[in-house]
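# heads up, no residue letters with this:
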Ligand SMILES: Cc1ncc(COP(=O)(O)O)c(C=O)c1O
Ligand SMILES: Cc1ncc(COP(=O)(O)O)c(C=O)c1O
């Protein structure tokens, strides 16, 4: 069979590696919020059409202005797992404003053809191939939607909500 | 417009006359059953698709073996009214067996092309044109179905049931 | 308003079915209020879908499934724009108006209507906007109330204040009466409903394909329509539900496509509209409805309404002037249909007569039995027009009615 | 049984959609369990209906309305014969299997299931045969029970005696599992249900178009099917209900066509099937279902079953022999579909991969979340076959799967 360049762009070896050995895999608990102004928020994301599930836990510091720590657990396809893994690496330790900028840039990256992706994306550019597979956008954004929800809920203490991908 | 022979066969003047001045129009009541072995049975027939309604009352004598009297009330199209009027004329005073023969012969008459209709039908042959109008068969049989039901219920005293045309 | 900008002859040529003879006479189809005919554009959309794109929607990751899903959701968008809904998520695909109203009665009604509450309807409702509420009233112990219809076929709005009280939880009424042609003041009625905290449900079966319908301007909470009455295939319709109301409406049917997660004993449900669309939907039907909406928009609903109006005024005037013994039922100011009785002939006999000359009328109670009883009519004959009909067809109808009057008298 | 008497190539030529390329590769449609493709004969039946006979049914006295009514009722007769129902009055037209099961749950279930009663299902049910019963259980206070599924994908019938007790009012189960391919012993299960006074409901979504289904031989009380899975249009299905059971089932939806008489506060309802068909039905859909039934009968369901069987056995054998790291889920003796997992690739990734080579597989939970959980699977990939598929297509699938195994490992 003739190799398919779209597929090769989508499933780069580094990406498959992230999906097989996801980084920051695990959960945070309330006990991880030790300092004043810290909160742990957990959000579960489901993709009902395919069954992918993810739980993103974040520790917010500075009364919500900083994402001090982030982990995820879950199961799903290579795209959703790699996307979650890369997301934790790129967002951990950043300010809320930076994270929001990343979210927006990432969304553009995977939904439209992008000539010069912004530098801030770094390794997230591994997911650039997704834009040619509109049905897989939901996989790539599942963890991100949970993160968005977690930021919105930064005001409550430990909450678990569900978002639908 | 060119006259349409099917219509002219369907709506003969005598038939239209029956529909405008129906014979045996009225109701029987329990009080009409004066002798032993007599019963009055009333059946309401509805044609839900067009709203025609008819009530057929019969007085059965000889414990159901004879149709001593018959009347009807109701409203509806020319076909249903004329059919009911002609039915009362042809069945009044007949034995149950004769009435059943009439019912069968009438049903054949209006549902298929009949070369030599049986003599017993008499004036009912006015309704022969119906067979070319399958949607109107329900109109022509409404009263007859009520009559059939009345014969079946000859065992109860005064009952009112509904049949659907 | 005039509709001169449209080439009505070309439009009529889009409808293959109209160009046939029935029993040696040219077909005159005056029964569009029962079901409209379909333009080639809609029939072709179905064929194209089945020949190129057919697959199940939503759950698939392959090409045909994507195409089917895109086509299906594009149709939802078209319907949303057609009705000026705030979002496509406010459009639920149904089988038709009847299912739409039953969905509201079952899903919303069962949850929010209690014993002692009231449901307000009008005396001119089609059975499809009456029986579902009778069933709901039976289930819940609520009562039914009715806005009376006046002799002239309009609603007696003077009775509204005493009927539309805070016990009323749902006010459901038709936009256009299918037997009288009355056009009800929908926006006023919706406003009155909201003022007492009731939701409003609009039966748009007769209006959606005939005049511009803007759910935001009308201010309704639900609005139900049938595709088959507006050039779309049979078996597809839409229910508009205002987002805020849909959000708090529990599921209707259970099944695939409407769930977030399922375990053996418990499930969680998706947001609207998918929560209300269990199972494989009528995908091709929705695509056809989208094509019908495109088609109607290409003509313009203002133009359609103007054309319908010209036809009905012409018919009314000629019937009154030229056919002896005819009485027209309903208000003078009416949508594109005219119900009438002929002194000498029962509606069924007249319909049978007309049919022999190729003229398709409807005769009977038009699923309005209580209204017919009120008007002491055994039923009416109805001629209903759509934009593909012509004045020449009306002229021919007049001749047929004249002959019928002679024949039956 | 062999299916040599059929010219399968000619049959395949009846399906316009199959003769296209997807991304430069010939389309291989192995997703018929989700929705089947339509032969030209069915597409033509729709076009013919809309171009010649379209009108509303039942209420009309004019020619088109008679033709539409005749075509609609003829379709009902065809479906009745197809299922060997005792009478066409036992066939209710629905949107599909999901609506059929919801109808039973709502109309029959609400009346006859009470607190303390039980509803028996199996662990392999599609969400469409699970969620409606969860909703019914919630409404009534009844409980749900489940026949377990064994490791090999068959039902654990040894548990039946303790589960199917007199508290059970309804036993609803699938004929063929859409993810495992298991063919359940329907007649035995129906007999067991009757023995404790429960009614039986059969989900025939996956069986009706694939093997002979005889409701009298099966002895079921209800049986639901989807047209779109058996060559018919979308938006149409049928629910068989045994006359005796239908008779005592209260109405489902309220509206036109299902009533005998209506007054403002009370209505009386027609007999089955019309009592359950409120509103304008999917007339063209029913006509298309009739055409599909004719088409399937012209090939012969024995032949279809034999052909499906040959394909699935061939696929199974080649997958096990020639593709590394594949595990097939479900019993060896299966209907025409095969669910599997590939060690190195998640089902969605595999489906995406296959799609780029024109191969339409389905990947995911197949609306069987509880079953997937039980089997500890994130989902499966599924190749489902129908009589228009070929061994050559399976050969090509094997090549694609081999390449995928290499690609993802
Ligand atoms: C005013 C009105 N409401 C409801 C309906 C029911 O529509 P449908 O039969 O398409 O569900 C009709 C059409 O018959 C109608 O005219
Ligand atoms: C076993 C089974 N039951 C029920 C359904 C639901 O059928 P539909 O979506 O046509 O209502 C399906 C199809 O998805 C199925 O495979």
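Okay, I see it. Predicted model only: the values in this text are computed from it and were never measured. Numbering: from 1, shown residues only, chains lettered A, B, ... in the order given. Ligands and ions are numbered 1, 2, ... in the order given.
# just the pLDDT for the residue nearest to residue C:127 when sequence neighbours are not counted.
Computed as CB to CB, 6 or more residues apart in numbering or on different chains, the closest residue to residue C:127 that is not its neighbour in sequence is residue C:367, at 4.3 Å. Heads up, the C-betas are built off the backbone N, CA and C, glycines and all. pLDDT for residue C:367: 86.
# kindly report the residues of the stretch 301-409 of chain C close to chain B.
C:345-349, C:352-353, C:356-357, C:363-365, C:369, C:372, C:378-379, C:399-400, C:403, C:407-408 (CB under 8 Å from any CB of the partner chain).
# buried among those residues? Make that a ChimeraX selection.
Of those, the buried ones can be selected in ChimeraX as follows, counting by 16 or more other CB atoms under 10 Å in any protein chain shown:
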select /C:345,346,347,348,349,352,353,356,357,363,364,365,369,372,378,379,400,403,407,408
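# sort out for me which of the residues of the stretch 301-409 of chain C next to chain B are in strands.
Using DSSP state E, the members of those that fall in strands are C:363, C:364.
# so which of the residues of the stretch 301-409 of chain C next to chain B reach chain A?
Answer for those near chain A: none qualify (CB under 8 Å from any CB).
# which ones among the residues of the stretch 301-409 of chain C next to chain B map onto helices?
C:347-349, C:352-353, C:356, C:369, C:372, C:399-400, C:403, C:407-408 (DSSP state H).
# from those, which are also near ligand 1?
Among those, proximity to ligand 1 is found for none (CB under 6 Å from any ligand atom).
# next, format these as JSON lines and append distance to residue D:153.
Shown next, in JSON lines, are those (distance: CB to CB, whole Å):
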{"residue": "C:347", "distance to residue D:153": "61"}
{"residue": "C:348", "distance to residue D:153": "59"}
{"residue": "C:349", "distance to residue D:153": "64"}
{"residue": "C:352", "distance to residue D:153": "60"}
{"residue": "C:353", "distance to residue D:153": "65"}
{"residue": "C:356", "distance to residue D:153": "63"}
{"residue": "C:369", "distance to residue D:153": "54"}
{"residue": "C:372", "distance to residue D:153": "59"}
{"residue": "C:399", "distance to residue D:153": "71"}
{"residue": "C:400", "distance to residue D:153": "67"}
{"residue": "C:403", "distance to residue D:153": "71"}
{"residue": "C:407", "distance to residue D:153": "71"}
{"residue": "C:408", "distance to residue D:153": "70"}
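# show me which pair in these is furthest apart.
Largest separation among these by CB to CB: C:369 and C:399, giving 31.8 Å.
# apart from its chain neighbours, what residue comes closest to the spatially most central residue of chain C?
Closest residue to the average C-alpha location of chain C: residue C:205 at 0.9 Å, with CA atoms, centre = their mean. Leaving aside its sequence neighbours, residue C:205 sits nearest to residue C:97 (CB to CB, 6+ apart; 4.1 Å).
# what residues does the stretch 151-300 of chain C put near chain A?
Taking CB under 8 Å from any CB as the criterion, the stretch 151-300 of chain C approaches chain A at residues C:259, C:260, C:261, C:268, C:270, C:271.
# and the closest residue to the third one other than its chain neighbours, how close does it get to residue D:129?
To tie it back to what came earlier, the one meant is residue C:261. Among residues not flanking residue C:261 along the chain, residue C:268 sits closest, at 5.4 Å (CB to CB, 6+ apart). Using CB to CB, to the nearest Å, residue C:268 is found at 18 Å from residue D:129.
# ok, the two, which is more surrounded?
residue D:129 (28 against 13; other CB atoms under 10 Å in any protein chain shown).
# surely the more buried one meets residue D:173?
Yes - using CB atoms under 8 Å, residue D:129 is in contact with residue D:173, at 7.5 Å.
# so for those two, which residues contact both of them?
D:121, D:201, D:203 (CB atoms under 8 Å, 6 or more residues apart in numbering or on different chains).
# look at the residue lying closest to the last one once chain neighbours are set aside and report its pLDDT.
Same thing as residue D:203. Leaving out its chain neighbours, the residue that sits closest to residue D:203 by CB to CB, 6+ apart is residue D:174, at 4.1 Å. For residue D:174, the model assigns a pLDDT of 98.
# check contacts around residue D:174.
D:122, D:124, D:125, D:126, D:129, D:184, D:202, D:203, D:205, D:206.
# do the same with residue C:278
C:251-258, D:98-99, D:102, D:128, D:131-132.
# of these, grab the buried ones for PyMOL.
A single PyMOL command selects the buried members of the contacts of residue C:278 (16+ other CB under 10 Å):
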select buried, (chain C and resi 251+252+253+254+255+256+257+258) or (chain D and resi 98+99+102+128+131+132)
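# could the contacts of residue C:278 go into CSV alongside distance to chain B, pLDDT and secondary structure?
Shown next, in CSV, are these (distance: CB to the nearest CB, whole Å; pLDDT from 0 to 100; DSSP: H, G, I helix; E, B strand; the rest coil):
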residue, distance to chain B, pLDDT, secondary structure
C:251, 33, 94, coil
C:252, 28, 94, coil
C:253, 28, 93, coil
C:254, 32, 92, coil
C:255, 32, 89, coil
C:256, 36, 84, coil
C:257, 35, 80, coil
C:258, 34, 86, coil
D:98, 29, 98, helix
D:99, 24, 98, helix
D:102, 26, 98, helix
D:128, 33, 97, helix
D:131, 35, 96, helix
D:132, 30, 97, helix
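# got a markdown table for the contacts of residue C:278, with distance to residue A:22 too?
Shown next, in a markdown table, are the contacts of residue C:278 (distance: CB to CB, whole Å):
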| residue | distance to residue A:22 |
| --- | --- |
| C:251 | 35 |
| C:252 | 39 |
| C:253 | 38 |
| C:254 | 35 |
| C:255 | 34 |
| C:256 | 30 |
| C:257 | 30 |
| C:258 | 31 |
| D:98 | 37 |
| D:99 | 42 |
| D:102 | 40 |
| D:128 | 34 |
| D:131 | 33 |
| D:132 | 38 |
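# just the buried positions in the helix or strand where residue A:103 lies, please.
Using DSSP states H and E, residue A:103 sits in helix A:96-111. By 16+ other CB under 10 Å, the buried positions in helix A:96-111 come out as A:96, A:99, A:102, A:103, A:105, A:106, A:107, A:109, A:110.
# just the closest of the residues you listed to residue C:82, please.
Distances from residue C:82 to those, taken by CB to CB, are shortest for residue A:107, at 29.6 Å.
# give me the number of residues near the residue in the stretch 201-350 of chain C that chain A sits nearest to?
When scored by CB to the nearest CB, the stretch 201-350 of chain C has residue C:260 as its residue closest to chain A, at 4.4 Å. Number of residues near residue C:260 (other CB under 10 Å) recorded here: 20.
# which residue packs closest to the residue of chain A found nearest chain C, ignoring adjacent ones?
Nearest residue of chain A to chain C (CB to the nearest CB) works out as residue A:48 at 4.4 Å. Closest residue in space to residue A:48, ignoring its immediate chain neighbours: residue C:260 at 4.4 Å, by CB to CB, 6+ apart.
# SS state for that neighbour?
strand (DSSP: H, G, I helix; E, B strand; the rest coil).
# wait, residue C:263 touches residue D:370, no?
Yes - with contact defined as CB under 8 Å, residue C:263 reaches residue D:370; the gap is 5.7 Å.
# more crowded one of these two?
The neighbour count for residue C:263 versus residue D:370, taken as other CB under 10 Å, is higher for residue D:370 (22 against 12).
# which one is that one nearest to, not counting chain neighbours?
Nearest non-adjacent residue to residue D:370 (CB to CB, 6+ apart): residue C:264, at 4.8 Å.
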